[in-house]
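Participant: Need a 3D model of the sequence below.
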Amino acid sequence: MNTTAVPSFLDAEQLRYLTTHAPFYYTPRTSLVSWAPDHIFALAVPVIAYWVLSGFFHILDVSEWKWLDKYRIHESEEVKSRNLVSRQDVLIAVVFQHVVQTVLGYWWIDEKPVGAQVDHLSAILRLAGPMSWIVRSVCGEELGGQLLSTKGAQGLYTLYWWAIPAAKLLLGMFIIDTWQYFLHRAMHVNTFLYKKFHSYHHRLYVPYAFGALYNHPFEGFLLDTVGAGIAEWVAHLTTREAMLLFGISTLKTVDDHCGYRLPWDPLQLISSNNADYHDIHHQVIGIKSNFSQPFFIHWDAILGTRMTRQDIELRRQQRKTQ
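Facilitator: Reported below is the predicted structural model:
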């Protein structure tokens, strides 16, 4: 039952608007899939996303489609000759990490209200006070009051269904990027950490999609599993928000290791942190650069560890002139 007081600027029509409107992504269903509650499905989403996308790229890898040649970062033979670990060993290691990730996730994740279990109207109305204060402070009492009385419901709708979820997801992305950048960089700067743990991942001199999570088990736990848990906790994500963040993060990680520069790949269009950018990090010349992953490159840019193909070409030209 809704016991939250209705603010004075919301008339009956605006209140009706809030009770009858929901965004396209919302469903009142208490389970997105019939075979599992949402908090269990949230654990399956990253695993499903990983193998579906990496399976797609594997099909491209084994195909003999000539039109793909111009998009491949490396020749197919380089994968066989330059990588120091077999595909079978990579497969076993990734499956093991997914098992560990799922088991720990089951222990960590809480069953939260979803869909119609959430009293959305009460949650929206709790935002009315802070929103009213901000609008009146910025626009003045008279203009602010007019805006609230005419557009207050739309403002609350946008704030609750769009602005806050988007801000939480961006915060989650920022936390994951920050966690992974500094930990990843430490794994390269510290000789012990590199030799003991991170060197496993760099056995893939030429990355490919299903090797994205090929790591030492401890690094996989610390870099990916713990980072995701911290992001969910700090950003205070709902179950479905966490599902979305972890799904996108997984797809992005796989795509960053896919070995293709695809002009129509949306995951490569949204950020400069793409397969080509991360491939530089896997080469000898860039191994102390491009630590950012999986979303954006702001930490590399701010802290001077960014390297581009143009930088590589410039270094080569400088060596020739010396």
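
Participant: The residue nearest to the spatial centre of the chain: what's it in contact with?
Facilitator: What sits nearest the mean C-alpha location of the chain, by Cα atoms, centre = their mean, is residue 249, with 2.8 Å. Going by Cβ atoms under 8 Å, 6 or more residues apart in numbering, residue 249 touches 46, 173, 176, 228, 294, 295. All C-beta spots, glycine's among them, are computed from the backbone N, C-alpha and C.

Participant: Could you pull out the helices in the stretch 151-300 of the chain for me?
Facilitator: Taking DSSP state H, counting those that start in this stretch, the helices of the stretch 151-300 of the chain run over residues 164-189, 191-196, 217-219, 227-234, 239-256, 266-269, 275-281, 298-303.

Participant: wait, which of the contacts of residue 249 is closest to residue 82?
Facilitator: residue 294 (23.5 Å; Cβ to Cβ).

Participant: distance of the residue nearest to the closest one when sequence neighbours are not counted from residue 40?
Facilitator: Among residues not flanking residue 294 along the chain, residue 252 sits closest, at 4.2 Å (Cβ to Cβ, 6 or more residues apart in numbering). From residue 252 across to residue 40, the span is 23 Å (Cβ to Cβ, to the nearest Å).

Participant: Compare the two and say which one has the larger neighbour count.
Facilitator: Taking other Cβ atoms under 10 Å, residue 252 and residue 40 do not tie; residue 252 has more neighbours (23 against 17).

Participant: Would you confirm that the more buried one contacts residue 269?
Facilitator: No. Residue 252 lies out of contact with residue 269 (Cβ atoms under 8 Å); the separation is 11.8 Å.

Participant: Quick check: neighbours shared by those two?
Facilitator: By Cβ under 8 Å, 6+ apart, no residue touches both residue 252 and residue 269.

Participant: buried sites along stretch 10-24?
Facilitator: 10, 14, 15, 17, 18 (16 or more other Cβ atoms under 10 Å).

Participant: Centre of the chain to that stretch, how far?
Facilitator: In terms of Cα atoms, centre = their mean, to the nearest Å, the centre of stretch 10-24 is set 32 Å apart from its chain centre.

Participant: quick one: contacts of it?
Facilitator: With Cβ under 8 Å, 6+ apart as the test, stretch 10-24 has contacts from 6, 120-121, 124-125, 128, 149, 152-154, 156-157, 161-162.

Participant: can you check stretch 165-176 too?
Facilitator: Outside stretch 165-176, the residues touching it (Cβ under 8 Å, 6+ apart) are 227-228, 230-232, 234-237, 241-242, 244-245, 249, 294-296.

Participant: what's near enough to touch residue 120?
Facilitator: By Cβ under 8 Å, 6+ apart, the neighbours of residue 120 are 22, 160.

Participant: Tell me the spacing between it and residue 114.
Facilitator: Taken as Cβ to Cβ, the span from residue 120 to residue 114 is 11 Å.

Participant: Can you lay out the helices of the stretch 151-300 of the chain as TSV showing mean pLDDT and distance to residue 56?
Facilitator: Below are the helices of the stretch 151-300 of the chain laid out as TSV (pLDDT from 0 to 100; distance: least, Cβ to Cβ, whole Å):
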stretch	mean pLDDT	distance to residue 56
helix 164-189	97	23
helix 191-196	95	32
helix 217-219	94	26
helix 227-234	95	23
helix 239-256	96	9
helix 266-269	92	12
helix 275-281	94	14
helix 298-303	97	28
